[in-house]
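Peer 1: A predicted structure for the sequence below; I have some questions about it.
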Amino acid sequence: MPKIIEITIDGKKIKAKDGQTILEVAKENGIKIPELCNHPDLTVKANCRICCVEIDGSKGLQTACSTRVKEGMIVKTNSEKVKQARKINLELIFSQHNEECFDCVWRFNCNLLKLADEFDAKITRFEDRKKHYPTYKFGNAIIFDSSKCIDCRNCVEMCAMQQANFLEVEKRGNFLDVIPTRDKKKDCIYCGQCLVHCPAGAFEGVGEFEEVELPLKDKTKTVVFQFAPSIRASIGEEFGMPAGSIVTGQLVAAIKKLGADFVFDVSVGADFTTVEEGKELISRIQNKKNLPMFTSCCPAWVKYVEFYRPDLIPNLTSARSPQMMMGGIIKTFWAEKCKINPKDIVVVSIMPCTAKKQEFLKPEMEINGMKPIDYVFTTRELAYLLQKKKIELPSLKPEEADNPLGDPSGAGVIYGTTGGVVESAIRTVYKQLTDKELPKLEFKDARGLEGIKKAEIKINGATIKIGITNGMGNAVKLLEELKKNPKAFDYIEVMACPGGCIGGGGQPMPTSQEIRRKRAEALYSIDKGKKIRAAHDNPVICEFKKEVSEEGAHKILHTTYKKDKGKGYETI
Amino acid sequence: MEDIISKLKTANLIGRGGAGFPTWQKWEGVLNAKGNVKYVVCNASEGEPLVFKDKYILENYLEDVINGIGIAAQTIDAKECYVYLNKNYFKTLGKEIEKAGKKLKLKVFKKPEGYISGEETTILNNIEGKLKEPRLKPPFPTEAGLFGCPTLINNVETFYHISKIDKGEYKGTKFFCITGDIKKKGVYELPENYTVKQALEATNNMPDFDFFVQSGGGAAGEILLKNELDRPVFGMASIVVFDKEKTDTFSLMKKWADFFISGNCDKCTPCREGVYRIKEILKNSQNGKVNKDILKDLCLVLDETSFCPLGRSVSRPFKSLIDKIL
């Protein structure tokens, strides 16, 4: 137990734990101290200097994020000097930041602008220093407009945590600037964690938000929207709802209101993925071939493997990710059923992810010369479009997604959180091996937001050893463990983003472990309420198998991987 | 062992790097810090323009400096000792220092460019090959310094005096680096409490023309007028004399601004952007006038909110020059 001490903040006596920072104590006691570079996912760097406070007896102001409390400390968070210093530092921050508010990922929720307002900062007091700074494009996934960067370096730290090390600082002229590396041995994995940890909106998804209206423009096409598992538990935040609000029905209604002809649920695609991946796992275990098998639904993880660890390519499941399976199913099985020429179908994916913007363009995903998906937009982009069209999602009457690709099992829904793929797979693999339902569907060892989880399950006397990891840093730790003990695991789920897709680079901002936890809980509660909770029980899977030849199905549901030599960046 | 620490205490030796910290406290801190591996670093970075007293000491009293480092190494049972040496001194002094410190297995580390590289936690980052920027304190280097181990960092001159204290030869002196528009430029060992005036007089450098001085560093030092010389030279004893008539104060300030902008680390907002804006103000000043309102604001955030002592010292020369001379 840490020692309890007493400090004074703004005249109020407060009990604090020894070792806490002033900022932590203030937060716990409802005292607001502004912050920009501080982020709960990252280390304290104390770069922006906005959280400065006055401490009796200290020379100069101190940053609340980095200063630890001491017995008897007297802190003023709002003295005239503090306010003046924050105002000037904000003006200096704005002097670097090229404002482009209308097209910014933070546009309705910009902390910089809120602070400028609170402290009367004149945001145009200085000419923008970085107005000629370049914009970079990383693959088809991420755009980094360095003229907006305020040098807090959250992105660089996050990129290192994600083991991509693609963003770095380099001295150019008089300034140490954040830039993408020129080192050909490093590449972006498109996870978008830089984006969701940037307080200044210097990063955005490719096309965000300029392209989101394109698919609905061509009235001659059948426009099909499909939305990812995690989005039903996150998009509400863009409309002021608390994290973890479940809005599946409103989401469907909102997309229909936009004018989409059909709305499908990618969780159904996840059910297909589970069944295919489950079959593959069983066969690999029985043949002792290419074990452990890795999941491949996370395109940032797949990119990591294809670029950094091509030796692991044989270990990736060949089962496609849910969005890619669904796209293929829509343009083949469903198109045929509805007698629509697949060339007249436009499939729009709403994803929690920036890496999905790269995944859908991979040539190996093509089926009969067709791209299964035509557009990938982030959760934020859909919210932007709805807001632009004045569609107030929370107040809509819930509607159901279209059949037959609109009603997933509970297993398909929990794909959106770390451990969800494993839990879904186990439900199905158990059934496939024993012909019995798993007695207890909730696989507790797979749940929770810890970076690395390990689990074992006995089926027919044999033990399947499972590893589950989220956040690329944790994944790499697990890979190192695997190097030492190649037989440690049979099956490994990797999600590149913290918490899995609920913490994805395409999700509403801000993000934090607390927010991710609430989003995850929401997905588990949906699963719990579902009648059908295992992927193999989803009737559309049976229907598909009946109607599509085995060879045809394989083309739609499986893919290949190849070594990636690196795409680097383009300056645009 | 503790003997030397009480000797330092009795001598009341203050570190000569400029921060003004009692040396014995640092020593005691490292001695009492937990850890099997400890380091000694001799800071010979001497990064400010027109300051060359550490170079002088290394050239003339290397034996005492090495002796001081040796005493430190023995006292704290150091695993390794480093001399962190100014790049420009490396060619002439590097080998010599290494040779003199052979018994200590002394390592000479060539300091990278930039004024920030002389800041003590930046020194640690540089030796470790990390980003050239200061670290958050606490932990202080005495508890967690080089490679996370307790580390004693003292200036060249401090080690010289330690040697003298140990030998019983310390006379409370300090090295004054006196330069500028004077005849007898050089480094002089004078009583440490000498005022600027006494130092100029004792070295026959008191000008007979109208002048001002910069005291405490050739960039971060304070500007003092003729009637302000009755004060001691705090920290690092550097005095630069300027002939008032011949000095273009704007180009002087521009030099400082250039020095800070190329020498800072760009980590924190006030120093990165504030220094840049000072440079811009000077560039855009017309008829010898600067925008004092903006300058005052920039100085406020530099003084009050900069991450490290470098940023917190930037405003001193500009403020004092503009207030007193412009």
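Peer 2: Perfect, I can see it now.

Peer 1: Just give the number of residues close to A:Y308.
Peer 2: 21 (other CB atoms under 10 Å in any protein chain shown). No exception for glycine: its C-beta is placed from N, CA and C like everyone else's.

Peer 1: Please tell me how far it sits from A:L195.
Peer 2: A:Y308 sits 21 Å away from A:L195, going by CB to CB, to the nearest Å.

Peer 1: Not counting sequence-adjacent ones, nearest residue to the spatially most central residue of chain A?
Peer 2: The centre of chain A sits closest to A:G504, judged by CA atoms, centre = their mean, with a distance of 0.2 Å. Leaving aside its chain neighbours, A:G504 sits nearest to A:P352 (3.6 Å; criterion: CB to CB, 6 or more residues apart in numbering or on different chains).

Peer 1: Verify the contact between that neighbour and A:M509 for me.
Peer 2: No - with contact defined as CB atoms under 8 Å, A:P352 does not reach A:M509; the gap is 11.8 Å.

Peer 1: More neighbours: which of these two?
Peer 2: Applying other CB under 10 Å to A:P352 and A:M509 shows that A:P352 carries more neighbours, namely 29 against 21.

Peer 1: A:M161: neighbour count?
Peer 2: Counted by other CB under 10 Å, the residues lying close to A:M161 total 19.

Peer 1: In the stretch 51-200 of chain B, what residue lies closest to chain A?
Peer 2: Relative to chain A, the nearest point of the stretch 51-200 of chain B is B:L136 (5.4 Å; CB to the nearest CB).

Peer 1: For the nearest residue to A:K530 once chain neighbours are set aside, give its distance to chain B.
Peer 2: Of all residues not flanking A:K530 in the chain, A:G410 sits nearest, at 3.6 Å (CB to CB, 6+ apart). Distance, A:G410 to chain B, by CB to the nearest CB, to the nearest Å: 46 Å.

Peer 1: In the longest helix anywhere in chain A, which residues are buried?
Peer 2: Criterion DSSP state H: the longest helix present in chain A is helix A:266-287. Residues A:266-282, A:284-285 are the ones in helix A:266-287 that count as buried (16 or more other CB atoms under 10 Å in any protein chain shown).

Peer 1: Neighbours of the residue of the stretch 51-200 of chain B closest to chain A, how many?
Peer 2: Number of residues near B:L136 (other CB under 10 Å) recorded here: 16.

Peer 1: Find me the pLDDT at it, would you?
Peer 2: Among the per-residue scores, B:L136 holds a pLDDT of 96.

Peer 1: who touches it in this structure?
Peer 2: With contacts defined as CB atoms under 8 Å, 6 or more residues apart in numbering or on different chains, B:L136 is in contact with A:44-46, A:66.

Peer 1: pretty sure A:V53 is in a helix, no?
Peer 2: No - secondary structure of A:V53 (DSSP: H, G, I helix; E, B strand; the rest coil): strand, not part of a helix.

Peer 1: Confirm for me that it is in contact with A:I74.
Peer 2: No - using CB under 8 Å, A:V53 is not in contact with A:I74, being 10.5 Å away.

Peer 1: out of these two, which sits in the more crowded spot?
Peer 2: Looking at A:V53 and A:I74 with other CB under 10 Å, you find the greater number of neighbours at A:V53, namely 26 against 15.

Peer 1: where does the stretch 201-326 of chain B dip in pLDDT?
Peer 2: Along the stretch 201-326 of chain B, no part satisfies pLDDT under 70.

Peer 1: Which residues of it lie near chain A?
Peer 2: Applying CB under 8 Å from any CB of the partner chain, we find that the stretch 201-326 of chain B lies next to chain A at B:261-262, B:265-270, B:272-274, B:276-277, B:297-298, B:300-301, B:303-307, B:312.

Peer 1: re the thing from before, report the distance from the longest helix of chain A to the chain centre.
Peer 2: Mean-position distance between helix A:266-287 and its chain equals 23 Å (CA atoms, centre = their mean, to the nearest Å).

Peer 1: Which strands or helices does that helix pack on?
Peer 2: Applying 3 or more CB pairs under 8 Å, 6 or more residues apart in numbering or on different chains; DSSP states H and E, we find helix A:266-287 packed against strand A:222-227, strand A:293-294, helix A:322-329, helix A:410-413, helix A:420-434, strand A:462-470, helix A:539-547, helix A:550-557.

Peer 1: ok but B:A219 is inside a strand, no?
Peer 2: No - counting by three-state DSSP, B:A219 is not part of a strand but coil.

Peer 1: quick one: secondary structure of A:K83?
Peer 2: Per three-state DSSP, A:K83 ends up helix.

Peer 1: Could you tell me which residues make contact with it?
Peer 2: By CB under 8 Å, 6+ apart, the residues touching A:K83 are A:F119.

Peer 1: Mind pulling up the pLDDT for it?
Peer 2: pLDDT at A:K83 comes out at 98.

Peer 1: Next one: it from chain B, what distance?
Peer 2: The value you get for A:K83 to chain B, if CB to the nearest CB is used, is 11 Å.

Peer 1: can you pull the buried residues of stretch A:87-100?
Peer 2: Here stretch A:87-100 shows A:87-99 as buried, counting by 16+ other CB under 10 Å.

Peer 1: ok, so of those residues, who is nearest A:N368?
Peer 2: Among the buried residues of stretch A:87-100, A:N98 lies closest to A:N368 (CB to CB), at 45.1 Å.

Peer 1: Determine whether the claim that that closest one is in a helix is correct.
Peer 2: No - according to three-state DSSP, the state of A:N98 is coil, so it is not within a helix.

Peer 1: And for it, nearest residue in space, chain neighbours not counted?
Peer 2: Once flanking residues are discounted, A:N98 sits nearest to A:S147: 3.8 Å by CB to CB, 6+ apart.

Peer 1: For that neighbour, give its distance to B:K283.
Peer 2: Applying CB to CB, the value for A:S147 to B:K283 is 21 Å.

Peer 1: repeat for B:A11
Peer 2: 47 Å.

Peer 1: out of the two, which sits in the more crowded spot?
Peer 2: Ranked by neighbour count (other CB under 10 Å), B:A11 and B:K283 place B:A11 first, with 18 against 10.

Peer 1: any idea how far A:P34 is from the closest residue to A:E570 other than its chain neighbours?
Peer 2: Residue nearest to A:E570 in three dimensions, not counting chain neighbours: A:K137, with 4.7 Å by CB to CB, 6+ apart. A:K137 is 32 Å from A:P34, where distance means CB to CB.

Peer 1: No further questions, thank you.
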